[in-house]
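*Asks:* What follows is a predicted structure for the sequence shown.
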Amino acid sequence: MEKAQKEYYLNEQIKAIHKELGRKDERAEMDELKKKIEEAGMTEEAKEKALQELHRLEAMPPMSAEGTVRATYIDWLFRCPGNKNQKRSAT
């Protein structure tokens, strides 16, 4: 129980620091990405890979260059042709 309390306290401190610095809530961004993955209508294999990459992204420091690459890759996965819920352009 002590570990969970300490983790909660530290997470609250991180939130307060981010708010003071004017940064977006990273948890909200991750939740938004997860929602997009769930709603994209991608194949199970692609969805599994996207969720795996999201999990890795969550574990990375926010300013990591590799984090940007992973976020772009996840974005690319749910925009791929063949996703059931992808909006098609009139081109």
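*Replies:* Noted; the coordinates are in hand.

*Asks:* Residue 67 and residue 57 touch, don't they?
*Replies:* Yes. Counting by Cβ atoms under 8 Å, residue 67 does reach residue 57; the two are 5.8 Å apart. Every C-beta, even on glycine, is put in place using the N, C-alpha and C of the backbone.

*Asks:* quick one: which of these two has more around it?
*Replies:* Using other Cβ atoms under 10 Å as the criterion, residue 67 and residue 57 rank with residue 57 on top: 22 against 16.

*Asks:* which ones are touching the nearest residue to the more buried one once chain neighbours are set aside?
*Replies:* Excluding the flanking residues, the one nearest residue 57 by Cβ to Cβ, 6 or more residues apart in numbering is residue 70, at 4.5 Å. By Cβ atoms under 8 Å, 6 or more residues apart in numbering, residue 70 lies in contact with 53, 56, 57, 60.
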